[in-house]
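**Q** How does the following fold in three dimensions:
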Amino acid sequence: LLVGWIGETIGWHYGFGLAGIGMLLGQIIFMTGQKYLVGVGDLMKGKIEQLNAKFKESSIETVLSYFMDLYKDRYVVASSLSFEDQITTFVSLKIKSSARIFVLDTGRLHQETYNVMQKTMNAYDFKYEVMFPKTDDVEEMISQDGPNLFYSSVENRKKCCYVRKVEPLMRVLHTADIWV
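**A** Predicted structure coming up:
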């Protein structure tokens, strides 16, 4: 947001320069923090390599079918309704007409997003699991900080993201063992 503001108010050369500085700082933080990541993911490394080898030449249908069969109703697909997610939705429903596919509705989606959601449900004769943020949390957040709190600080941006996205995502993921 700061880069866009600087670009709009001062000039895009400065905005992109600020973006470059931010990327450099991010790289430095990543490089100095790598020592804390040693061993993370080692437990699954062998399994992931096996799965990559098994599915190296496989179609998306084969891969999704494998995991749907293995995890049954504990398998869910997350959809942002993007082009890529529309393909995953199509293939998932082709494999299993009752596939679990969810959408996070933050309460701030554009009308076009709802139009795509409705057209997709009509086309494939299914219903998304639509996850909303908890009403009490949104009411409290907006009452305290206003509807556009995410523009005022990084802390408020994280707060808004947690209330509107992370918490609803965690609720649906508690019902799953694997998600795409």
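**Q** Same question for the lengthiest helix in the chain: list its buried residues.
**A** Criterion DSSP state H: the longest helix present in the chain is helix 12-33. The neighbour-count check on helix 12-33 (16 or more other CB atoms under 10 Å) flags 15, 18 as buried. All C-beta spots, glycine's among them, are computed from the backbone N, C-alpha and C.
**Q** Which other helices and strands does the helix or strand just after that helix contact?
**A** Using DSSP states H and E, the next helix or strand after helix 12-33 towards the C-terminus is helix 42-54. Packing partners of helix 42-54 (3 or more CB pairs under 8 Å, 6 or more residues apart in numbering; DSSP states H and E): none among the helices and strands.
**Q** Strands along the chain, start to end?
**A** In order along the chain, the chain carries the following strands (DSSP state E): 75-78, 100-104, 129-131, 178-179.
**Q** which residues sit against the third one?
**A** Spelled out, it's strand 129-131. For strand 129-131, the surrounding residues in contact (CB atoms under 8 Å, 6 or more residues apart in numbering) are 76, 100-105, 117, 168-169, 171-172.
**Q** Buried ones among the residues you listed?
**A** 76, 100-105, 117, 168-169, 172.
**Q** quick one: which of these is nearest Thr32?
**A** For these, the minimum distance to Thr32 (CB to CB) is 29.2 Å, reached by Leu169.
**Q** if I look at the closest one, how far off is Lys94?
**A** Separation of Leu169 from Lys94 (CB to CB, to the nearest Å) stands at 25 Å.
**Q** quick one: Ala78 from Arg164, how far?
**A** As for Ala78, its distance to Arg164 is 15 Å (criterion: CB to CB).
**Q** okay, now Gly46: neighbour count?
**A** 9 (other CB atoms under 10 Å).
**Q** if we can go back for a sec, now mean pLDDT and distance to Val63 too, for the strands of the chain, in TSV please.
**A** Below are the strands of the chain laid out as TSV (pLDDT from 0 to 100; distance: least, CB to CB, whole Å):
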stretch	mean pLDDT	distance to Val63
strand 75-78	96	12
strand 100-104	97	16
strand 129-131	97	22
strand 178-179	92	12
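**Q** closest one to Glu155 among those strands?
**A** Across the strands of the chain, closest to Glu155 is strand 100-104 (CB to CB), at 21.4 Å.
**Q** Tell me which other helices or strands the closest one touches.
**A** Using 3+ CB pairs under 8 Å, 6+ apart, strand 100-104 sits against strand 75-78, helix 83-95, strand 129-131, helix 167-173.
**Q** closest to Gly7 out of the ones you listed?
**A** The nearest among those, by CB to CB, is helix 83-95 at 27.4 Å.
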